[in-house]
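Asker: Sequence plus predicted model, see below.
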Amino acid sequence: MRKMTSAAFAALLMTASAHAADTVTIVDWGGDFQAGLKASVYDPFAEEFGVDVVLDTWQGGYGNLRARLESGVSGWDIIEVEAEEQALGCADGLLAEIDWEGLGVAGDFIPEAVKDCGVGSILWSIGLGWNGDNVSEAPDSWADFFDLETFPGKRSLRRGPKYALEIALLGDGVPADEIYDVLATDEGVDRAFAKLDTIKDELIFWEGGTQPIQTLASGDTVLSAIYSPDFLKSRQDGINLGLMWDESFYQFDYWVVAATAPQDVAQEFLSVWARPEVQANFVASQDYGPANSKALDLVDAERAKDLPSAVENIENAIATDTEFWVDHVEMLTERFEQWASQ
């Protein structure tokens, strides 16, 4: 039976926009992801603190989040968001600041998981992937993505400027620690598009995360940027894909707390999530990396080595610069779409 919609259910739980002290609404991406969270954190949290947890789902987008929270009647308390939504919501005063001192675990978290208004939830990466059945040697840098002689054939990128432009600069020899400084200049943007021009005839774009897996598996592409969760799922399905962790880009999603939420209950929830054993239980069934670095020691070693937060996988990876994309996404998206349509 289909559950009642979030708006209708939230309305029943609220009077004059006031929350019941022992009820909290948590919003995430739904599906198997939500089921994994329910087993690993929602149910233990509810049982330990005697809180009634109401679950909802959403599909992301800062405009949606802002409209919900500004209305004052959304009923949303704790939300799983992407990095840009955390940054914008914090800047706009819609999210509460995190009491990291009260949590007492900031030193155990991967640094990028610690934000003023966000507690790292999951870590995912996007890196260079290939099908081991279709290439004689594995690529070892993004320069290989642009090498049509050694790796002839179609290659694919996520549609949009994010990651495509960073990858282009890496392929053109820009050091990893300089790519965002270079991309912040007009000359750097021109350089990135000029590099993409060198493979444009062999380049196709994907929008859904499973698309590049399918084209690599079928042999329609020889190289592709792929998401780490889709890579891990493909390995479980028996597809002989490889992923270059060096020069991959990693990013966190975050737990954020609405400024209107019951802050004491939210802090209790975050204290449960912050525990390494809770995160280890979650990533045992979900193909993401934990934010608490101590959680990896509690994960089966064979599984842990394929997670993006494993030391050997993250040590030469690149943290996506969220602030850069918050500032530049509109301008660069417009230019990218003009370039792609030519």
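Answerer: Received, thanks. Numbering: from 1, shown residues only.
Asker: the strands in the stretch 51-200 of the chain, which residues?
Answerer: 52-57, 78-82, 114-115, 118-131, 155-158 (DSSP state E, counting those that start in this stretch).
Asker: Using JSON lines, please lay out those strands together with distance to residue 254 and mean pLDDT.
Answerer: Yep, even glycine has a C-beta here, placed from its N, CA and C like the rest. As requested, those are exported to JSON lines (distance: least, C-beta to C-beta, whole Å; pLDDT from 0 to 100):
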{"stretch": "strand 52-57", "distance to residue 254": "17", "mean pLDDT": "97"}
{"stretch": "strand 78-82", "distance to residue 254": "6", "mean pLDDT": "98"}
{"stretch": "strand 114-115", "distance to residue 254": "6", "mean pLDDT": "98"}
{"stretch": "strand 118-131", "distance to residue 254": "3", "mean pLDDT": "98"}
{"stretch": "strand 155-158", "distance to residue 254": "21", "mean pLDDT": "98"}
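Asker: Identify, out of those, the most deeply packed stretch.
Answerer: strand 118-131 (a mean of 25; mean count of other C-beta atoms under 10 Å).
Asker: ok and that one relative to strand 78-82, angle-wise?
Answerer: Going by axes from the mean of the first three to the mean of the last three C-alpha atoms, to 10 degrees, strand 118-131 is angled at 40 degrees with respect to strand 78-82.
Asker: Only the C-alpha atoms, please, for strand 118-131, written as CSV.
Answerer: Output of strand 118-131 as CSV, limited to C-alpha atoms (Å, rounded to 0.1, in the frame of the first residue of the first chain):
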residue,chain,number,x,y,z
GLY,A,118,26.5,19.7,7.7
VAL,A,119,27.7,16.4,9.1
GLY,A,120,29.1,14.1,6.4
SER,A,121,26.8,11.2,5.6
ILE,A,122,28.1,9.4,2.5
LEU,A,123,31.2,9.7,0.5
TRP,A,124,31.1,9.0,-3.3
SER,A,125,33.6,9.4,-6.1
ILE,A,126,33.7,9.9,-9.8
GLY,A,127,36.7,8.5,-11.6
LEU,A,128,38.1,7.0,-14.8
GLY,A,129,36.6,3.6,-15.6
TRP,A,130,37.2,1.0,-18.2
ASN,A,131,36.3,-2.6,-19.1
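Asker: tell me what it is packed against?
Answerer: With contacts taken as 3 or more C-beta pairs under 8 Å, 6 or more residues apart in numbering; DSSP states H and E, strand 118-131 sits against helix 83-91, helix 211-218, strand 223-227, helix 228-236, strand 241-257, helix 263-273.
Asker: Now find how far off-centre that strand is within its chain.
Answerer: 6 Å (C-alpha atoms, centre = their mean, to the nearest Å).
Asker: cool, and stretch 49-56?
Answerer: The answer for stretch 49-56 is 25 Å, by C-alpha atoms, centre = their mean.
Asker: quick revisit: of the helices and strands packed on strand 118-131, give the one that comes closest to residue 326.
Answerer: Residue 326 lies closest, by C-beta to C-beta, to one member of the helices and strands packed on strand 118-131: helix 83-91, at 5.3 Å.
Asker: circling back to that earlier point, a markdown table for the strands of the stretch 51-200 of the chain, including distance to residue 333?
Answerer: Output for the strands of the stretch 51-200 of the chain, formatted as a markdown table (distance: least, C-beta to C-beta, whole Å):
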| stretch | distance to residue 333 |
| --- | --- |
| strand 52-57 | 26 |
| strand 78-82 | 16 |
| strand 114-115 | 24 |
| strand 118-131 | 17 |
| strand 155-158 | 12 |
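Asker: which of the helices and strands packed on strand 118-131 is buried the deepest?
Answerer: Of all the helices and strands packed on strand 118-131, strand 223-227 has the most neighbours on average by mean count of other C-beta under 10 Å, namely a mean of 26.
Asker: Identify all contacting residues around that one.
Answerer: 124-130, 135, 139, 144-145, 151, 153, 155-158, 163-164, 167, 206, 209, 212-213, 215-216, 241, 243 (C-beta atoms under 8 Å, 6 or more residues apart in numbering).
Asker: Could you chop this structure up by domain?
Answerer: Domain ranges of the chain: 6-123+251-314, 125-250+319-341, per automatic domain parsing.
Asker: which stretch in these is the model least sure about?
Answerer: Looking at those, the lowest mean pLDDT belongs to domain 6-123+251-314 (a mean of 91).
Asker: Quick one, which of the strands of the stretch 51-200 of the chain gets closest to residue 31.
Answerer: strand 52-57 (7.9 Å).
Asker: which helices and strands does that closest one pack with?
Answerer: Where contact means 3+ C-beta pairs under 8 Å, 6+ apart, strand 52-57 is packed against helix 6-13, strand 23-28, helix 31-37, helix 43-49.
Asker: coming back round to it: the strands of the stretch 51-200 of the chain: which one's closest to residue 283?
Answerer: Using C-beta to C-beta, the strands of the stretch 51-200 of the chain put strand 118-131 closest to residue 283, at 8.1 Å.
Asker: so who does residue 320 touch?
Answerer: For residue 320, the contacting residues are 83, 162, 163, 249, 250, 251, by C-beta under 8 Å, 6+ apart.
Asker: Take those and lay them out in TSV including distance to residue 198.
Answerer: Below are these laid out as TSV (distance: C-beta to C-beta, whole Å):
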residue	distance to residue 198
83	30
162	20
163	17
249	21
250	26
251	27
